[in-house]
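[1] sequence first, then the predicted structure, then my questions.
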Amino acid sequence: MDVRIGVTHTPKELEIELDDNADPAVVKADLEAAIADGRIAWVTDRRGRQVGVPAEKIAWIEVGSPDTDRRIGFGS
């Protein structure tokens, strides 16, 4: 499962790859709690690295499975 976090005042986003058995509901609840409390939102990726983003800097969050059918270009 992937989590993408948009950070304010930067055109790039953080893309974090979680374990395949990660529960999207738990991930969303943890991020919502961090944002509501105004603290740092911590996410641990599948390699065990921890990524922290201050809640006030989060612009948007996307939680879901990687889209294996993404296409680039003009082909159909």
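    Good, I have the coordinates.
[2] all strands for this protein, in order.
    Using DSSP state E, the strands of the chain run over 2-7, 13-17, 40-44, 50-54, 58-64.
[3] residue 24: which of those strands is closest?
    For those, proximity to residue 24 was assessed by Cβ to Cβ; strand 58-64 is nearest, at 5.2 Å. (C-beta placed from N, C-alpha, C; glycine too.)
[4] what's that closest one packed up against?
    strand 2-7, helix 24-37 (3 or more Cβ pairs under 8 Å, 6 or more residues apart in numbering; DSSP states H and E).
[5] what residues does it touch?
    1-8, 24, 27-28, 31, 35, 41 (Cβ atoms under 8 Å, 6 or more residues apart in numbering).
[6] in TSV: these, plus pLDDT.
    Below are these laid out as TSV (pLDDT from 0 to 100):
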residue	pLDDT
1	88
2	92
3	93
4	94
5	94
6	94
7	94
8	94
24	91
27	92
28	93
31	93
35	93
41	93
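[7] are any of those residues buried, and which?
    1, 3, 5-6, 27, 31, 41 (16 or more other Cβ atoms under 10 Å).
[8] pull the most distant pair out of those residues.
    Top of the distance list for the buried ones among the contacts of strand 58-64 (Cβ to Cβ): 1 and 6, 17.5 Å.
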